[in-house]
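Participant: how would this look folded up:
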Amino acid sequence: MLDYDTEAAHYDRTRGGVPRAAAAADAVLRLVPPGARSLLDVACGTGLVTERLARPGLRVYGADAAPGMVARAAGRLPGRAFRADARRLPLPDASVDAVSAVWLLHLVPFAAEVVAEAARVLRPGGVFLTTVDKDAAHDVGSDVDAVLRPHRSFTAAFDRADRIGGYAAAHGLTDAGATGFTGHGQGNSPRGAAEKLRAGYFASWFDGGPDLTAALAAGLLALPDPDGRRPDPEYRLVAFRRSRRPTPGGRTP
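Facilitator: The predicted structure follows:
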């Protein structure tokens, strides 16, 4: 995984900036129930998306494990950004109305623990919202993808939609809808893809050694229009609702 303390300094610029953040925030808000009063954005990064989760009556907080990210998020979320592991949130059971995790689960082998912790802190009727199949969304059928596709494997993706749905169901969360949004500024150019490959940005699906990395980079740079961006990805966001119904033992699951 990348060093997100180091990444914090240029994260926004290299991840689509405000247009992508605004698109993500709009998608999250489409799936947050109208009556929600509190939302925790886990792995909030610099807070660029989090600060845009603005709606009358909705109080939004951001948490991230990287101190560098939290330091930047604090400027956008005064008094509402804190450092925390998404698997061990410093919140009581059933304490928030919504939890969002945008561009997190594809990175971590412990996605099941993140989903379990979100379920724990959600109030009955609350929703967990997360991006799924992120890496697969970046295969837009371009010539860049034709070079990379033989070395991609999405079957083992940590955020595969059916896998996340299974984790959610195991903790009493049920399907509450889905939506999509454009990853503005994230369309790869051949040169950009080659640079990302060399820098380790594709670590969630590529584990080739130096020789394969060099060969793929050369193949990408040989494509026509090496600086031209290919189409932007279309990301998928899904929502899961915590049941309001009590279990036979009298507790709400």
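Participant: hey, where'd the helices end up in the stretch 151-253 of the chain?
Facilitator: Per DSSP state H, counting those that start in this stretch, the stretch 151-253 of the chain carries helices over the ranges 161-170, 190-199, 210-221.
Participant: Tell me which of these sits nearest to residue 57.
Facilitator: Nearest to residue 57 among the helices of the stretch 151-253 of the chain is helix 161-170 (26.0 Å), distances taken as C-beta to C-beta. To be clear about C-beta, it is placed using only N, CA and C from the backbone, and glycine gets the same treatment.
Participant: Quick check: next helix or strand after the strand or helix carrying residue 39?
Facilitator: Per DSSP states H and E, residue 39 falls inside strand 38-42. Per DSSP H and E, the first helix or strand lying C-terminal to strand 38-42 is strand 59-64.
Participant: what sits against residue 133?
Facilitator: The contact partners of residue 133, taken as C-beta atoms under 8 Å, 6 or more residues apart in numbering, are 154, 157, 159, 160, 161, 236.
Participant: doesn't residue 138 make contact with the second one?
Facilitator: So the one you mean is residue 157. No: in this structure, residue 157 is not within contact of residue 138 by C-beta atoms under 8 Å, at 11.5 Å.
Participant: For residue 219, which non-adjacent residue is closest in space?
Facilitator: Residue nearest to residue 219 in three dimensions, not counting chain neighbours: residue 147, with 4.9 Å by C-beta to C-beta, 6 or more residues apart in numbering.
Participant: Can you mark which positions in the helix or strand harbouring the one you found are buried?
Facilitator: Assigned by DSSP H and E, residue 147 belongs to helix 143-148. Using 16 or more other C-beta atoms under 10 Å as the test for burial, helix 143-148 gives 144, 147, 148.
Participant: repeat for stretch 74-82
Facilitator: Residues of stretch 74-82 classed as buried: 74, 76, 77, 80, 81, 82 (neighbour count, 16+ other C-beta under 10 Å).
Participant: do the same with stretch 32-52
Facilitator: 32, 36, 38-52.
Participant: what's the model's confidence in that stretch, averaged?
Facilitator: Across stretch 32-52, the average pLDDT comes to 95.
Participant: neighbour count winner among residue 157 and residue 138?
Facilitator: Legend: neighbour count by other C-beta atoms under 10 Å for residue 157 and residue 138, higher for residue 138 (24 against 21).
Participant: The residue nearest to the more buried one when sequence neighbours are not counted: neighbour count?
Facilitator: Nearest-residue entry for residue 138: residue 233, 4.8 Å, with adjacent residues in sequence omitted and distances by C-beta to C-beta, 6+ apart. When neighbours are defined as other C-beta under 10 Å, residue 233 has 22 of them.
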